[in-house]
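>>> Starting from these lines, generate the structure:
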Amino acid sequence: MAENAEKPKPQYRCPDNSAFKQQRLPAWSPSLTAETVLPFFYILGVACVLLGVLLQVTMQNTQEIKGDVFFYYGLVNFHQNLRRYMDSRDDAQLLGRIKKLKNPSVYCGPNFQYANGTPIAPCGAIANSMFNDSFALFFHPPVGAPLRVPLFRKGIAWYTDKNIKFHNPYVPNESLPQVFQGTAKPFYWQKPVYELDPNDSTNNGFINEDLIVWMREAAFPNFKKLYGILDRQSSKMFEQGLPVGNYSVSISYNFPVQYFRGRKQVVLSTVSWFGGRNQFLPIAYLVTGCATLLVAVVLTVVYIKFGKKGLKMED
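Okay, the predicted model is just below:
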């Protein structure tokens, strides 16, 4: 039997006998002990608590209405984070691809595609439910008639949205209404997309900033979106911000909320170094810091009581 046994074949694919290829290089692995882990928990917990307190104090200071003032509208109990709602938009259409826009087979989401066989622009549930109330803020001086507070209605959208995600379709020698010929406005809109801003022709179509702000979906059912920014250069009265006094807001009511049991809000706010008034970040840091400190204290008590011996198991 020994004579008929086959000789072992040479291993042609065997790695070289080197320290690197045979994984014999010197290595280091951390030794996780109570003395090394517990200080990290305490430092992380204290840092989160201090940052949460700092954010909370900073947020409280955004209540003043001096300096740069931002005008927001808010909705309560309106869910923009539903998957079918978000998937109903057509990003290719919003990029201004005119061939896709006028193609009868254009995809406009599962619910809002066509109006009597005509492609809708912009299509989808998000655009169809666009917030369309309008506001006017008035200052009431001690003497004289109320003064309308000037607001910038442009510059309210994110730069990436305005310049990258949204573009108007372009056809040489055609105006914007001509480009959108052969399309229909969303069902609940009062006017077509190329007439959203009658006062500024450069703020129409898919690059309308109110539309862009609305199309950025909110993560929570209670949210606010930017409507305008105080124009401090147009009048000396508002050069330093909003003066102390009485104010009123005139609202053109177009957006119904009773169908989803919601509410509408108007918010005037300044901004801090981390943005506008927002309770989420301070609470998140405070809860994380307190939880980390609690875990650190429990681990410290266990370590002091049992030490390195660990728990003793009894029969």
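
>>> okay, CA-based contacts and neighbour counts for the rest of this
Will do.

>>> Tell me which stretches of the stretch 51-200 of the chain form strands.
For the stretch 51-200 of the chain, the strands defined by DSSP state E, counting those that start in this stretch occupy 70-76, 114-115, 118-119, 134-140, 147-148, 151-152.

>>> out of the ones you listed, deepest packed?
strand 118-119 (a mean of 20; mean count of other CA atoms under 10 Å).

>>> tell me the mean pLDDT over it?
For strand 118-119, the mean pLDDT works out to 80.

>>> Also stretch 147-159?
For stretch 147-159, the mean pLDDT works out to 93.

>>> how far out from the middle of the chain is it?
19 Å (CA atoms, centre = their mean, to the nearest Å).

>>> what about that stretch, start to end distance?
31 Å (CA to CA, to the nearest Å).

>>> Just give me the residue closest to the centre of this structure.
Ala218 (6.0 Å; CA atoms, centre = their mean).

>>> residues in contact with that one?
Listed by CA atoms under 8 Å, 6 or more residues apart in numbering, the contact partners of Ala218 are 79-81.

>>> same check, this time on Ala296
38, 41-42.

>>> Buried among those residues? Need that as a selection in ChimeraX.
In ChimeraX, a selection of the buried entries from these looks like this (16 or more other CA atoms under 10 Å):
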select :38,41,42
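
>>> Go through the contacts of Ala296 and say which is closest to Leu51.
Nearest to Leu51 among the contacts of Ala296 is Tyr42, at 14.1 Å by CA to CA.

>>> related to what we said a few turns ago, minimum distance to Phe260: which of the strands of the stretch 51-200 of the chain has it?
Across the strands of the stretch 51-200 of the chain, closest to Phe260 is strand 70-76 (CA to CA), at 9.4 Å.

>>> Using CSV, list the CA coordinates for the closest one.
C-alpha atoms of strand 70-76 as CSV (Å, rounded to 0.1, in the frame of the first residue of the first chain):
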residue,chain,number,x,y,z
PHE,A,70,-36.8,84.9,11.1
PHE,A,71,-40.4,84.5,10.3
TYR,A,72,-41.6,80.8,10.4
TYR,A,73,-44.9,79.1,9.9
GLY,A,74,-45.5,75.9,11.8
LEU,A,75,-47.8,72.9,11.4
VAL,A,76,-48.9,70.5,14.2
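
>>> hang on, the earlier thing: buried among the contacts of Ala218? Make that a PyMOL selection.
To isolate the buried subset of the contacts of Ala218 in PyMOL, counting by 16+ other CA under 10 Å, use the following:
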select buried, resi 79+80
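
>>> tell me the mean pLDDT over the helix or strand where Val297 lies?
Using DSSP states H and E, the element containing Val297 is helix 280-306. Taken as a whole, helix 280-306 has an average pLDDT of 88.

>>> quick one: buried residues of that helix?
Of all the residues in helix 280-306, those buried under the rule 16+ other CA under 10 Å are 281-283, 285-290, 292-293, 295-296, 299-300, 303.

>>> Return the member of those residues nearest to Ser31.
Tyr303 (16.0 Å).

>>> tell me the contacts of the closest one?
Applying CA under 8 Å, 6+ apart, we find Tyr303 in contact with Ala34.

>>> Renumber starting at 678 from here on
Got it, the first residue is 678 from now on, which makes the last one we talked about Tyr980.

>>> now it: how far from Tyr719?
Look at Tyr980 and Tyr719: by CA to CA, they are 15 Å apart.

>>> same deal with Arg825?
Distance from Arg825 to Tyr719, by CA to CA: 53 Å.

>>> tell me the angle of the helix or strand hosting Pro716 relative to helix 957-983?
For Pro716, the host element (DSSP H and E) is helix 711-737. Using axes from the mean of the first three to the mean of the last three CA atoms, to 10 degrees, the direction of helix 711-737 lies 160 degrees away from that of helix 957-983.

>>> Any buried residues in helix 711-737, and which?
For helix 711-737, the neighbour count (16+ other CA under 10 Å) marks 715, 718-719, 721-723, 725-730, 732-733, 735-736 as buried.

>>> For it, what is the distance to the chain centroid?
Worked out by CA atoms, centre = their mean, helix 711-737 lies 26 Å from the chain centre.
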